[in-house]
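1. Curious how this folds, go ahead:
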Amino acid sequence: QVQLVESGGGLVQAGGSLTLSCAASGFTFDDYVITWFRQAPGKEREGVLCRSFSGLNIYYLDSVKGRFTASKDNAKNTVYLQMNSLKSEDTAVYYCAAKRSCSAYAPSYDYWGQGTQVTVSS
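-> Residues are numbered from 1 along each chain as shown. This next block holds a predicted model:
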């Protein structure tokens with residue numbers, strides 16, 4: 001059974017940090033990239049960044065460059081999203097998704113997690 005399970009969301013003050021986790025199971029993790037998306041209330045889901053096979057962070061939002069980074073622990077089949085200098089506009093439900101290549105196009109993804117809420121208070 002394919003599963004992507006996000007964790008680590010919560011309430012944080014502006015300027016603070018959070019680390020989200022995306023734990024994968026049920027598929028060959030090494031054959032897929034993980035992209036982080038987010039969806040704020042009343043807005044469409046948007047791609048945040050993809051961690052490529054080569055380990056690069058491919059950013060889809062200029063607003064998170066320099067603040068967000070993704071890393072991967074192969075032994076744990078987990079990708080992390082480190083979020084620093086958080087702003088109120090980062091408030092959203094964050095999702096991880098898997099497919100065989102990086103893309104900001106959400107419908108193209110094969111697998112999705114259930115999402116984790118991140119709330120940044122100003």
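
2. Okay, and Leu11 sits in which element?
-> Using DSSP states H and E, the element containing Leu11 is strand 10-13.

3. ok but Thr119 is inside a strand, no?
-> Yes - assessed by DSSP: H, G, I helix; E, B strand; the rest coil, Thr119 belongs to a strand.

4. Please enumerate the strands of this protein.
-> Remark: strands assigned in the chain by DSSP state E are 3-7, 10-13, 18-25, 33-39, 46-51, 57-59, 68-73, 78-83, 92-99, 111-112, 116-121.

5. Can I get those strands in a markdown table including mean neighbour count?
-> No exception for glycine: its C-beta is placed from N, CA and C like everyone else's. Below are the strands of the chain laid out as a markdown table (neighbours: other Cβ atoms under 10 Å):
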| stretch | mean neighbour count |
| --- | --- |
| strand 3-7 | 17 |
| strand 10-13 | 13 |
| strand 18-25 | 19 |
| strand 33-39 | 23 |
| strand 46-51 | 22 |
| strand 57-59 | 17 |
| strand 68-73 | 18 |
| strand 78-83 | 22 |
| strand 92-99 | 22 |
| strand 111-112 | 16 |
| strand 116-121 | 17 |
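
6. okay, the ones you listed in JSON lines with mean pLDDT and distance to Tyr105 next?
-> Shown next, in JSON lines, are the strands of the chain (pLDDT from 0 to 100; distance: least, Cβ to Cβ, whole Å):
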{"stretch": "strand 3-7", "mean pLDDT": "96", "distance to Tyr105": "17"}
{"stretch": "strand 10-13", "mean pLDDT": "98", "distance to Tyr105": "29"}
{"stretch": "strand 18-25", "mean pLDDT": "97", "distance to Tyr105": "19"}
{"stretch": "strand 33-39", "mean pLDDT": "98", "distance to Tyr105": "10"}
{"stretch": "strand 46-51", "mean pLDDT": "97", "distance to Tyr105": "8"}
{"stretch": "strand 57-59", "mean pLDDT": "96", "distance to Tyr105": "13"}
{"stretch": "strand 68-73", "mean pLDDT": "96", "distance to Tyr105": "18"}
{"stretch": "strand 78-83", "mean pLDDT": "98", "distance to Tyr105": "19"}
{"stretch": "strand 92-99", "mean pLDDT": "98", "distance to Tyr105": "9"}
{"stretch": "strand 111-112", "mean pLDDT": "97", "distance to Tyr105": "13"}
{"stretch": "strand 116-121", "mean pLDDT": "98", "distance to Tyr105": "22"}
